[in-house]
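In: Just to be clear, the model below is a prediction. Sequence and coordinates:
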Amino acid sequence: MPVDVGKFIKAPDYDIKVITYRDVFQAVACEEDYTGDECREMSAVIVLDAAEMKRMGFHEGKNVRLTSKWGSVVVMIKKSPREEQKGLGFMVNSPWSNALVSDEMLNGIPEFKDIEVKITGSNDEITSIKELFML
Amino acid sequence: MTSAMEIYQLLPKTNCKECGESTCMAFGVALLSGSRKFTECPPLMKEEKYIDSKQKLEEILKPLEGAHETGLIIHDELCSGCGNCVVACPVDVANDPHSSGRGFGPSNDKVIFRVVDGKVKAANIKECRRFGKDKILCRACIDPCPTEAIEFV
Amino acid sequence: MTEMVTWTCTGCALLCEDIQVRVDNNRIEQVEHACLKGKARIFGCKHVAVPAVNGAGVSIDDAINEAARILKGAKNPLLYGWSNSTSEAQMAGIELARTLGGVLDSTSSFCQGITINEIIKGTIPSCTLEEVREQADVMIFWGANPMSSHPRHLSRYSYFPRGELRQRGYEEDRTAISIDVWQSRTAKICKDKFYRIPPGGDAEFMRGLMDGLSGRVPKLSFDFDVKRILELAAVLKKAEFGVIFAGLGLVYSMKEDFGLLSEFMDTLNRFSNYSLIPMAGHFNMRGFNQNLYDETGYIYRVKFVDGKAASGVEFSVVEQIKHGADAVLVVGSDPLASLPASISRRLKDIPVILIDPCMNLTSQVADVTIPCSTSGIEVGGTAVRMDGKSMEISPLVQGVNMSDEMVIKRIIEEVG
């Protein structure tokens, strides 16, 4: 039987910083129903610079796994329409970004907006809200 | 922005002339300008193979409805109801200086823009500076829109 | 009977008071002038809350009794949320915390509380949104994106409207500036006055601007065209009435060295007249800070011992949920959705009581759920706008639930 070599090669990972932002459409969808598909589809997304996507070998619409010391989520890639600063990924503030945030804080404020993660290609499904909290 | 070419690609492209136009391209241009309706293309309506194209045409032509006088289109799904256009539109400021011009919701029916149920709606299109004989290419509602929900075709 | 009602919107802390609502037989039919956020608030959530204990439906009285039993039995109860409640409900919350000898904190703890603290104590100058509309000619949206967080901010007050001293409108009379890590929807409107800085670069950029204002050449560790900083400093110097709208991007980036912000304001005020307005999110976040300050001298993060309040970072909601609280009362908030999961996971291990009109994520871990009416829609009261202005809010329709204020007063009766 031929051996599927690819199975044993770990997908490469890259260090990036996740910056979170607000989006009115996502906020409205999630306020209405956090467990709904619309909230997940609008939240479980990372926006990347086109050149950065090329460098890391990612394609728009594909899934990636983001892993920090505190959590791991699978989200979908969206290409930024503009040129962005290198080494950054942008996520709308949501339970998916919050899953990656450290429990350490400064002055009682967690680091919500500047999160160090490893990003790697993934064939896994987008993380569901139930998986996020092991409900 | 929807173009005549985009519409043409969805038509049968057989130049059968059944609609009365000499080519499918001419019919496409007429669709874009609003002078013809896609239901006036007999093959598109009759033949099964055009079902997908018909559906797509319906989708892309829908926002054009009612937009033909000035070409104003509001993409409902992109609008956040911020009201920037309401306050920035010079016609709204002139016709409702103490409300729209001052940042409040419009106080009369003479304005072009008004936010209803969280989405902007356009009325009094003939008042738009892009309309009539002294028309100018005003962009006062387009540039302040944070989500590119307003366009002119 | 159909009637048109003028309403103050509780969709965010802008509290737009010009909303027109068509109400027919106690049903909201249509809303004019409100943005998408306001519209969502007024038409309500998809899943309404029902009284429950441990997942089983109970009467409202049983739910209140169980909540009181849990809180009374707790050694260190945390009472948290409050930014989506009227000032009247917040005052009841302060009384409950005092009665229980508990910890009291609000969403402002990890949001704009740190900024509001400086303003209430007078170390950072502020102004009203009306003053902004009538007078402001230069404004900086710093780490702030109101086009998503407060959609009508630019159209109602800051940029687009004609003001008394700004008759020629935004094109000629106002300059909007965005300082951010990416081109937000607000930055797009600021066009060439958008200054892109690296994450965490706010303090350094601020020092650079202060250098520019004071006639020194700014030195930055990151790549940035110094000429653009000097140009910006010149624009800021020429302002007649300047405003900084401080967003979470700025607040989070400055949390290590918040003193620099008041230094920056002092520097600006050597040249012109500058104020700062915190971009508070929820409709009555600032009300909680003001009310608690009036009662205790602290704006947030307090613990009551023998009726007296102490404040400190150890009483912040995140520290308390991480390790501390042995029961949590959540009022009008969703900590499971808004806190780091690394911290909020602990809510599964301690008793949680949720008072809210809607089911939210925290409902999934709540031991007791007590539905209440929606503030500003089914119950009126007082709220404080982001700039500190106190506003009266009238209810639009009659709801089926009692207000959060009433629920808390009932709990006080039970535990007192």
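Out: Received, thanks.
In: distance between stretch A:114-123 and the chain's centre?
Out: How far stretch A:114-123 lies from its chain's middle: 6 Å, per C-alpha atoms, centre = their mean, to the nearest Å.
In: Okay, buried residues for that stretch please.
Out: A:114-115, A:117, A:119-122 (16 or more other C-beta atoms under 10 Å in any protein chain shown). Yep, even glycine has a C-beta here, placed from its N, CA and C like the rest.
In: what subset of those is also close to chain C?
Out: Of the entries in the buried residues of stretch A:114-123, the ones placed beside chain C under the rule of C-beta under 8 Å from any C-beta of the partner chain are residue A:114.
In: Show me the buried residues of stretch A:114-123 that map onto strands.
Out: By the criterion of DSSP state E, membership of those in strands covers A:114-115, A:117, A:119-121.
In: Go through those and name the one nearest residue C:28.
Out: Here the nearest of these to residue C:28, counting by C-beta to C-beta, is residue A:115; it sits at 39.2 Å.
In: you'd agree the closest one is up against residue A:101?
Out: Yes. Residue A:115 is in contact with residue A:101 according to C-beta atoms under 8 Å; the separation is 6.0 Å.
In: what do the two both touch?
Out: Residues touching both residue A:115 and residue A:101 (C-beta atoms under 8 Å, 6 or more residues apart in numbering or on different chains) are residue A:68.
In: How about the residues of chain A by chain B?
Out: With C-beta under 8 Å from any C-beta as the criterion, chain A comes near chain B at residues A:24-25.
In: Which helix in chain A has the most residues?
Out: Here the longest helix in chain A is taken by residue count, with DSSP state H as the criterion, and it is helix A:24-32.
In: how distant is that one from the center of its chain?
Out: The chain centroid and the centroid of helix A:24-32 are separated by 18 Å, computed with C-alpha atoms, centre = their mean.
In: Bridged to residue C:24, which residues?
Out: Under DSSP bridges, the beta-bridge partners of residue C:24 are residue C:2, residue C:27.
In: What is the nearest of the ones in strands among the buried residues of stretch A:114-123 to chain B?
Out: Minimum separation from chain B among those (C-beta to the nearest C-beta) is found for residue A:114, which lies at 24.1 Å.
In: possible to save the buried residues of stretch A:114-123 as TSV with distance to residue C:93 and pLDDT?
Out: TSV is the format used below for the buried residues of stretch A:114-123 (distance: C-beta to C-beta, whole Å; pLDDT from 0 to 100):
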residue	distance to residue C:93	pLDDT
A:114	32	93
A:115	32	96
A:117	37	97
A:119	42	98
A:120	45	97
A:121	48	96
A:122	44	96
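In: From chain A, how far off is residue C:294?
Out: Remark: distance between residue C:294 and chain A (C-beta to the nearest C-beta, to the nearest Å) = 22 Å.
In: host element of that residue?
Out: helix C:285-296 (DSSP states H and E).
In: Check chain B and tell me which residue is nearest its centre.
Out: Closest to where the C-alpha atoms of chain B average out (C-alpha atoms, centre = their mean) is residue B:73, at 3.0 Å.
In: how close does that one get to chain A?
Out: Shown here: residue B:73 relative to chain A, a distance of 19 Å by C-beta to the nearest C-beta.
In: How many neighbouring residues does the closest residue to residue B:127 other than its chain neighbours have?
Out: Setting aside the residues directly before and after it, residue B:127 is nearest to residue B:91 in space (C-beta to C-beta, 6 or more residues apart in numbering or on different chains), at 4.8 Å. As a burial measure, the neighbour count of residue B:91 was computed by other C-beta atoms under 10 Å in any protein chain shown and equals 20.
In: residues contacting the residue nearest to residue A:87 when sequence neighbours are not counted?
Out: By the measure of C-beta to C-beta, 6+ apart, the closest residue to residue A:87 outside its immediate chain neighbours is residue A:16, 5.5 Å from it. Counting by C-beta under 8 Å, 6+ apart, residue A:16 makes contact with A:52, A:87-89, A:116-119.
In: Can you say which helix or strand has residue A:16 in it?
Out: Taking DSSP H and E as the criterion, the element that holds residue A:16 is strand A:13-21.
In: pLDDT below threshold where in chain B?
Out: With pLDDT under 70 as the threshold, chain B has low-confidence stretches at B:1-2, B:64-70.
In: where do the strands sit along chain B?
Out: Here chain B has its strands, by DSSP E, at B:72-74, B:113-116, B:119-122, B:150-152.
In: do chain A as well
Out: If DSSP E is used as the criterion, the strands of chain A fall at A:13-21, A:45-48, A:63-68, A:71-79, A:88-92, A:105-106, A:109-110, A:114-121.
In: list the buried ones in the first one?
Out: By neighbour count on 16+ other C-beta under 10 Å, the buried set for strand A:13-21 is A:13-14, A:16-21.
In: Now that strand: average pLDDT?
Out: Throughout strand A:13-21, pLDDT has a mean value of 97.
In: neighbouring strands for it, and are they parallel or not?
Out: If you go by DSSP bridges, strand A:13-21 pairs up with strand A:88-92 (parallel), strand A:114-121 (antiparallel).
In: re earlier: could you dump the contacts of residue A:16 into TSV and include distance to residue C:210?
Out: Written out in TSV, the entries for the contacts of residue A:16 read as follows (distance: C-beta to C-beta, whole Å):
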residue	distance to residue C:210
A:52	33
A:87	28
A:88	26
A:89	31
A:116	29
A:117	33
A:118	37
A:119	36
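In: Name all residues that make contact with the nearest residue to residue C:43 once chain neighbours are set aside.
Out: Among residues not flanking residue C:43 along the chain, residue C:28 sits closest, at 6.6 Å (C-beta to C-beta, 6+ apart). Counting by C-beta under 8 Å, 6+ apart, residue C:28 touches C:21-22, C:42-43, C:377, C:396-397.
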